[in-house]
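Novice: What shape does this take:
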Amino acid sequence: MKPTKFIIALSALTTSLSAFAEKPVLNVYTYDSFASKYGPAAELEKLFEKDCECDVRFLPFENGVTMLNRVRLEGNKTKADVVVGIDNFTQPEAEKSGLFAENDLTTQDLSLPFMWKSHTFYPYDYGEYAFIYNKEKLKNPPTSLKELMERQDLRVIYQDPRTSTVGRGFLVWVNQALSSKGNISEFWKKLAKHTVTIGKGWSETYGAYLKGEADLVLSYTTSPLYHQWYENDDKNVAAIFEEGHLVQVELAAILKSSSQKALAQQFLRFLHKPESQKIIAKANIMKPVISGDLDPKLSALPKINILDNQQPNSDVIRNWLATWQQAVTK
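Specialist: This is a model prediction of the structure:
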């Protein structure tokens, strides 16, 4: 190669590498199932990077509560620009940290069972908590939380409310549905007698249920869709409880310390695009937060009674956790 051509080629390569190095990076903290090979993160990353001319990096944690605890521990030195996986029941703790920035994104396109008011935490999917069972194995499922507690013939698995957003939601569900009807401590004590295990997160517990280690596992009314979509199997169904069901809304938020706030807002806005919502619904097995028939099986889910969406403050949660822990460790 002639020297002149070599210099031109080297210059072009240097320019190319420089452009690559200067590509902005968006660090997204999330939970492990969202970023797993079955979760929506990989497809969302590929789709968003086509438009943003950036590098999206999903950094997973064991579960949503662990993720939030890490952000609080890191404070303003956190690597995260965005978190994906806070929910409406860990939201008060996240707000109290003062680490998250308000955004100017509209929520007029939202289709939730209730009005959303926060300008800091941005919904991207939702679902109602429910216990899942195999209808071919369990012919007489419980029809209420009270029956779930009393039926000692049932093997139950749920998630730890100290480490799991799903477990935290169950804690809130029980207290809101039953606090006026009896002793909450007694509920946990009686349930503990036929609880197989209390797992750290959803993936671990749902996997144990599928292996036959329990008759019922805490999950979502949408969970049967996974088996319908990917296994052509309708045996796993949600137990519908007469007290009503509590809605979990999963949220994304931008860190005040982020140096990529414009890019972070673009990412949050991207989560509401129909294509993004379809990816999230199909991979996360949750309901979309925008209106529109993204899949007929979503529209065919059973109608259930929804409990009022109340967000207990961190002090109330702390007291409920103490009651739960004392009851299950005795």
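Novice: Only C-alpha atoms from now on, for both contacts and neighbour counts.
Specialist: Fine.
Novice: For stretch 76-94, buried residues please.
Specialist: For stretch 76-94, the buried set under the neighbour-count rule, 16 or more other C-alpha atoms under 10 Å, comprises 76, 78-94.
Novice: okay, how far is it across it, tip to tip?
Specialist: From its first residue to its last, stretch 76-94 covers 14 Å (C-alpha to C-alpha, to the nearest Å).
Novice: now swap in stretch 285-297 and tell me
Specialist: OK, stretch 285-297 end separation, C-alpha to C-alpha: 11 Å.
Novice: related to what we said a few turns ago, could you list which of the buried residues of stretch 76-94 belong to strands?
Specialist: 82-87 (DSSP state E).
Novice: Let me have those in JSON lines, adding distance to residue 173 and pLDDT as columns.
Specialist: Listed next are those as JSON lines, based on distance: C-alpha to C-alpha, whole Å; pLDDT from 0 to 100:
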{"residue": "82", "distance to residue 173": "28", "pLDDT": "98"}
{"residue": "83", "distance to residue 173": "24", "pLDDT": "98"}
{"residue": "84", "distance to residue 173": "22", "pLDDT": "98"}
{"residue": "85", "distance to residue 173": "19", "pLDDT": "96"}
{"residue": "86", "distance to residue 173": "17", "pLDDT": "94"}
{"residue": "87", "distance to residue 173": "14", "pLDDT": "93"}
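Novice: Nearest to residue 321, out of those residues: which one, please.
Specialist: Residue 321 lies nearest to residue 87 out of these, by C-alpha to C-alpha, at 17.1 Å.
Novice: contacting residues for that closest one?
Specialist: For residue 87, the contacting residues are 165, 248-251, by C-alpha atoms under 8 Å, 6 or more residues apart in numbering.
Novice: Among those residues, name the buried ones.
Specialist: 165, 248-251.
Novice: quick revisit: out of the contacts of residue 87, what pair is the most spread apart?
Specialist: Checking these with C-alpha to C-alpha, the most distant pair is 165 and 251, at 11.5 Å.
Novice: In strands, which of the contacts of residue 87 appear?
Specialist: 248-251.
Novice: Need the residues you listed in TSV (columns: pLDDT).
Specialist: TSV is the format used below for the ones in strands among the contacts of residue 87 (pLDDT from 0 to 100):
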residue	pLDDT
248	94
249	95
250	96
251	97
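Novice: Let me know the pLDDT of the closest residue to residue 128 other than its chain neighbours.
Specialist: Distances taken as C-alpha to C-alpha, 6 or more residues apart in numbering put residue 247 closest to residue 128, at 4.3 Å, once the chain neighbours are dropped. At residue 247, the model reports a pLDDT of 95.
Novice: is it true that residue 247 touches residue 306?
Specialist: Yes - with contact defined as C-alpha atoms under 8 Å, residue 247 reaches residue 306; the gap is 7.1 Å.
Novice: For these two, indicate the residue with more neighbours.
Specialist: residue 247 (25 against 14; other C-alpha atoms under 10 Å).
Novice: if I pick that one, what's in contact with it?
Specialist: 126-129, 306-307, 309.
Novice: ok, now with 10 Å
Specialist: By C-alpha atoms under 10 Å, 6 or more residues apart in numbering, the residues touching residue 247 are 88-89, 112-114, 126-130, 169, 173, 220-221, 306-310.
Novice: Buried ones only from those, please, as a PyMOL command.
Specialist: Selection of the buried residues among the contacts of residue 247 in PyMOL, burial being defined by 16+ other C-alpha under 10 Å:
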select buried, resi 88+89+112+126+127+128+129+130+169+173+220+221
